[in-house]
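The amino acid sequence is not available; the structure is as follows:
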């Protein structure tokens, strides 16, 4: 189980649904069709899950950076939106 | 040191870049923790410098056994026992002390954690679900192999030096991607053991970071020994065919070629291991590595870095050097040490050996420094005559005041010879000083004297 270290020092369990929602929203924001947005969000979540395999604790910044990197490979525009608009969820 | 933290120093990585600083700090009474998820000692003693040199020594013995009859020793046809070659390599690795590495470190008083650690912030790392804090942190996480994006390569299967040092038999044929130091050493190794070697390099010559004469001579020697060197080449694809592999490549003239081999070895360079949460600690890095100043300090003032993860060279000797400087500067703030790279020797253990130091001609041209060149070939040396070994040269570069700036040696024992030039470059000595010095007869070092004397 991965834990996210929050700025205050406490930890939260990693919730993949939050990441999926953010990626999906970023895709939709750049007019990616709904089905494609779902596919991209699923793929990015899988990529991030693979990256997380050997990690117990990470920061939310780590997740954000890794997801940005992966999303940019599928859709640079959505990646840019995700990178620069952290409030998207 | 402050009791706010669990340790005075946390070191990430147990290679030369980490262990030197860890030992130095603990000897000064600091509380030190070291994190190492892989083998203690890092790449050099376990997978790289040491095992490859042991294998190259076995290869040299195998070749010498074949040639011995030319010098009066008759023997039956030498046979290769690769199991013994591997056993010798393992013995050599075991003698470096890496097997007892963890014990040695813990006996010194270093807390060793066999886990990978990740930054949470500038003073804290997480490893295995636990957190550890320190006043200072040293990053020495090394590098990983760069695998070029070649179509079909993953499916066809490839090796890196990690696998190649452990082959149970030399491959019948091998395609090596990358004509840098690692690619050239493996080409030397496997061709000595009788493999058909194809060595591919993108640049117009082997060892492209060195002066042209170096790569040109190594290429000529390789070609003489049956290695096919393919320059200005782009490997475009690989396909598995039964147990063998088809490698497609394109040469500079646009022609496409295919070769069938048993193994593909990727030696296309290395990339720094920076996926350790550096952003959480405010440590800047790029594709070349962690950014440090001349004191080995990163952009986070309590965090230092050393070794391959920093560059500019990826050698054990530079890693040790940087690690010592980092350890000093972390705990001795009044008089800081500065890392200098003007006289770092660069050795490539092909036959004859290659050793270079200081600036190359292209670097001098880039810096717009006027320079003079002196050269001497080894074929005129007494030692070349006695050893029946006539291939090689020494080349030196000086500024207009005759001060040595760089040198290249291709010669038997070049790795030993280069230190005379390194000292001269480090100390700003003139070439005429080396030319006046008496060099023992008959030695290959006489070529250094002759090269220095030839500058006009």
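Yep, that arrived. From a predicted model like this one, the values you see are computed outputs, not experimental measurements.

give me the number of residues near the residue in the stretch 151-300 of chain B that chain A sits nearest to?
Ranking the residues of the stretch 151-300 of chain B by distance to chain A (CB to the nearest CB) places residue B:280 first, at 5.1 Å. C-betas here are computed from N, CA, C, even on glycine. The tally of other residues near residue B:280 (other CB atoms under 10 Å in any protein chain shown) stands at 23.

How about it: what's its closest non-neighbour residue?
Closest residue to residue B:280 apart from its sequence neighbours, by CB to CB, 6 or more residues apart in numbering or on different chains: residue B:119 at 4.6 Å.

From what I see, the one you found and residue B:125 are in contact.
Yes - assessed by CB atoms under 8 Å, residue B:119 is found in contact with residue B:125 at 5.6 Å.

list residues touching both of the two?
B:137, B:277 (CB atoms under 8 Å, 6 or more residues apart in numbering or on different chains).

Parallel or antiparallel, which strands does the strand ranked longest in chain B pair with?
Ordering each strand of chain B by length in residues (DSSP state E) puts strand B:130-139 first. Paired with strand B:130-139 in the same sheet, following DSSP bridges, are strand B:7-12 (parallel), strand B:124-127 (antiparallel), strand B:303-305 (parallel).

So for the first one, mean pLDDT?
What it means is strand B:7-12. Across strand B:7-12, pLDDT averages out at 98.

which residues sit against the next helix or strand after it?
The helix or strand immediately downstream of strand B:7-12 is helix B:16-27, counting by DSSP states H and E. Here helix B:16-27 makes contact (CB under 8 Å, 6+ apart) with B:8-9, B:11-12, B:14, B:32, B:34, B:36, B:41-42, B:44, B:105, B:108-110, B:138, B:140, B:142, B:304-310, B:316-317, B:319-320, B:322-324, B:326-328, B:330-331.

May I see the buried residues of helix B:16-27?
B:16, B:17, B:18, B:19, B:20, B:21, B:22, B:23, B:24, B:25, B:26 (16 or more other CB atoms under 10 Å in any protein chain shown).

Which single one of those residues is nearest to chain A?
Distances from chain A to those, taken by CB to the nearest CB, are shortest for residue B:18, at 19.6 Å.

so of the contacts of helix B:16-27, which ones are in strands?
Among those, the ones falling in strands (DSSP E) are B:8, B:9, B:11, B:12, B:32, B:34, B:138, B:304, B:305.

Touching, the last one and residue B:326? I think so.
Yes - between residue B:305 and residue B:326 there is a contact at 7.2 Å, judged by CB under 8 Å.

Which strands or helices does the helix or strand hosting the residue of the stretch 151-300 of chain B closest to chain A pack on?
Assigned by DSSP H and E, residue B:280 belongs to helix B:278-281. Counting contacts by 3 or more CB pairs under 8 Å, 6 or more residues apart in numbering or on different chains; DSSP states H and E, helix B:278-281 is packed against helix A:60-74, strand B:118-121.

Residue B:45 - nearest residue in space that isn't next to it in sequence?
Spatially, and ignoring its direct neighbours in sequence, residue B:45 is nearest to residue B:96 (4.1 Å; CB to CB, 6+ apart).

wait, that neighbour sits on residue B:41?
Yes - if you go by CB under 8 Å, residue B:96 and residue B:41 touch, sitting 6.9 Å apart.

Tell me the gap between the helix ranked longest in chain A and the middle of its chain.
With secondary structure taken from DSSP state H, chain A has its longest helix at helix A:34-52. Offset of helix A:34-52 from its chain centre (CA atoms, centre = their mean, to the nearest Å): 8 Å.

can you list contacts of stretch B:242-254?
Contacts of stretch B:242-254 (CB under 8 Å, 6+ apart): B:156-157, B:175, B:198, B:200, B:204, B:230-240, B:256-264.

Mind listing what's buried along the longest helix of chain A?
By 16+ other CB under 10 Å, the buried positions in helix A:34-52 come out as A:37, A:38, A:40, A:41, A:44, A:45, A:47, A:48, A:51, A:52.

Chain B next: which of those are close?
Among these, proximity to chain B is found for none (CB under 8 Å from any CB of the partner chain).

which one among those gets closest to chain B?
Proximity of those to chain B (CB to the nearest CB) peaks at residue A:51, which lies at 8.2 Å.

what does the stretch 201-350 of chain B have sitting close to chain A?
With the criterion set to CB under 8 Å from any CB, the stretch 201-350 of chain B comes near chain A through B:277, B:279, B:280.

thinking in terms of the whole chain, how far from its middle is the very next helix or strand once past the helix holding residue B:280?
Next in sequence after helix B:278-281, counting helices and strands by DSSP H and E, comes strand B:285-286. Remark: strand B:285-286 is offset 21 Å from the chain centroid, using CA atoms, centre = their mean.

Give the partner strands of strand B:285-286 in its sheet and their orientations.
Paired strands of strand B:285-286, with direction, are strand B:289-290 (antiparallel) (DSSP bridges).

Give me the contacts around the strand it pairs with.
Identification of contacts with strand B:289-290 by CB under 8 Å, 6+ apart yields B:139, B:272, B:274, B:278, B:283, B:284, B:298, B:305, B:308, B:309, B:310, B:311.

do that again at 6 Å, thanks
For strand B:289-290, contacts defined as CB atoms under 6 Å, 6 or more residues apart in numbering or on different chains pick out B:139, B:272, B:298, B:305, B:309, B:310, B:311.

Most neighbours among those residues, which one is it?
Using other CB under 10 Å as the neighbour criterion, residue B:139 leads the contacts of strand B:289-290 with 35 neighbours.

Get me the contact residues on the stretch 1-150 of chain B for chain A.
Listed as neighbours of chain A in the stretch 1-150 of chain B under the rule CB under 6 Å from any CB of the partner chain: B:120, B:126, B:129.

of the residues you listed, buried ones?
For the residues of the stretch 1-150 of chain B next to chain A, buried by 16+ other CB under 10 Å: B:120, B:126.

Quick one: the residues of the stretch 1-150 of chain B next to chain A as CSV, columns for distance to residue B:164 and pLDDT too.
Listed next are the residues of the stretch 1-150 of chain B next to chain A as CSV, based on distance: CB to CB, whole Å; pLDDT from 0 to 100:
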residue, distance to residue B:164, pLDDT
B:120, 37, 95
B:126, 34, 95
B:129, 35, 87
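
what about chain A, any weak spots by pLDDT?
Chain A contains residues with pLDDT under 70 at A:1, A:87-89.

Output the set of residues of it in proximity to chain B.
Taking CB under 6 Å from any CB, the part of chain A that reaches chain B is made up of A:5, A:56, A:57, A:59, A:61, A:62.

Between which two of those is the distance greatest?
Greatest spatial distance among the residues of chain A next to chain B (CB to CB): A:56 and A:61, at 16.2 Å.
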